[in-house]
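Colleague: heads up, no residue letters with this:
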């Protein structure tokens, strides 16, 4: 059985960056499931499909040829053979991804794809329903979070570095709205799995967060060279 590690948590918790570092330390692959949803969202936007239109999104989600490749251990996300890893990180795509991820047809397709990938190799997967839906039998489950204010501050700083001058208050409001949507959706809502360990990174450095997760993994799987 491959090593499977599930990390869930709300938007802005730093799941992707932390998961990257944990996977590197453990010499395993990291599957960023959010990137997969973002890629489906990009497909909808490019084809003029309203992400809020469940019927049309559901009818066309199977057309989005989403694939994952690894280069030097890092995930690259592909849409129809095109590397869209950078294109899916815009605010517009993020908002669209939040919308399309509500629809059961999209989630069923993504969950099946994620399980198939995880069955092939030692894998760390992060998202919002990994421990509760995708890898329900994963021996290691982590729920990574921080206060909304701290998560908004982190996102605000990242956006400033990219030249995005969106006010902090707006960033916080959008983050709270995203939390509400993710936690209250009917299909696979965001929640901490009963058997997941909680890591609150509000007052922790990234290095401390990585060390805390590695300690949990080593308790289960033992130390890896």
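Modeller: Arrived safely. What you see is a predicted model, and the numbers here were worked out from it, not measured in a lab. Numbers count the residues shown, from 1 in each chain.

Colleague: now the helices for this protein?
Modeller: 15-26, 33-46, 54-60, 91-100, 104-118, 148-161, 168-184, 206-221 (DSSP state H).

Colleague: other residues contacting the last one?
Modeller: For helix 206-221, the surrounding residues in contact (CB atoms under 8 Å, 6 or more residues apart in numbering) are 3, 5, 7, 14, 17-18, 21-22, 25-26, 139-140, 142, 144, 197, 199, 201, 204, 224. Where you see a C-beta, it was placed from the backbone N, CA and C, and this is true even at glycine.

Colleague: turn the helices of the chain into a markdown table, columns for mean pLDDT and distance to residue 193.
Modeller: As requested, the helices of the chain are exported to a markdown table (pLDDT from 0 to 100; distance: least, CB to CB, whole Å):
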| stretch | mean pLDDT | distance to residue 193 |
| --- | --- | --- |
| helix 15-26 | 93 | 14 |
| helix 33-46 | 96 | 15 |
| helix 54-60 | 97 | 27 |
| helix 91-100 | 90 | 21 |
| helix 104-118 | 93 | 15 |
| helix 148-161 | 94 | 20 |
| helix 168-184 | 93 | 14 |
| helix 206-221 | 96 | 13 |
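
Colleague: which of those helices sits closest to residue 74?
Modeller: Evaluated with CB to CB, the helices of the chain place helix 15-26 nearest to residue 74, the distance being 7.5 Å.

Colleague: circling back to that earlier point, out of the helices of the chain, deepest packed?
Modeller: Among the helices of the chain, ranked by average contacts under mean count of other CB atoms under 10 Å, first place goes to helix 33-46 (a mean of 23).

Colleague: for that one, which helices and strands make contact with it?
Modeller: On a contact count with 3 or more CB pairs under 8 Å, 6 or more residues apart in numbering; DSSP states H and E, helix 33-46 meets helix 15-26, helix 54-60, strand 66-71, strand 74-79, helix 91-100, helix 104-118, strand 123-127.

Colleague: redo those as CSV? Include distance to residue 174.
Modeller: Listed next are the helices and strands packed on helix 33-46 as CSV, based on distance: least, CB to CB, whole Å:
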stretch, distance to residue 174
helix 15-26, 17
helix 54-60, 21
strand 66-71, 25
strand 74-79, 23
helix 91-100, 8
helix 104-118, 21
strand 123-127, 19
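
Colleague: follow-up on the earlier one: with distance to residue 70 added, can I get the helices of the chain in JSON lines?
Modeller: Listed next are the helices of the chain as JSON lines, based on distance: least, CB to CB, whole Å:
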{"stretch": "helix 15-26", "distance to residue 70": "10"}
{"stretch": "helix 33-46", "distance to residue 70": "12"}
{"stretch": "helix 54-60", "distance to residue 70": "27"}
{"stretch": "helix 91-100", "distance to residue 70": "21"}
{"stretch": "helix 104-118", "distance to residue 70": "10"}
{"stretch": "helix 148-161", "distance to residue 70": "24"}
{"stretch": "helix 168-184", "distance to residue 70": "27"}
{"stretch": "helix 206-221", "distance to residue 70": "20"}
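
Colleague: looking at these, which is nearest to residue 81?
Modeller: So among the helices of the chain, helix 33-46 is nearest, using CB to CB, at 12.1 Å.

Colleague: the closest one vs helix 91-100, what angle?
Modeller: 100 degrees (axes from the mean of the first three to the mean of the last three CA atoms, to 10 degrees).

Colleague: any idea how far helix 33-46 is from the middle of the chain?
Modeller: 12 Å (CA atoms, centre = their mean, to the nearest Å).

Colleague: residues contacting stretch 79-95, please?
Modeller: With contact meaning CB under 8 Å, 6+ apart, stretch 79-95 is reached by 35, 38-39, 41-43, 45, 51, 64-66, 75-78, 97, 164.
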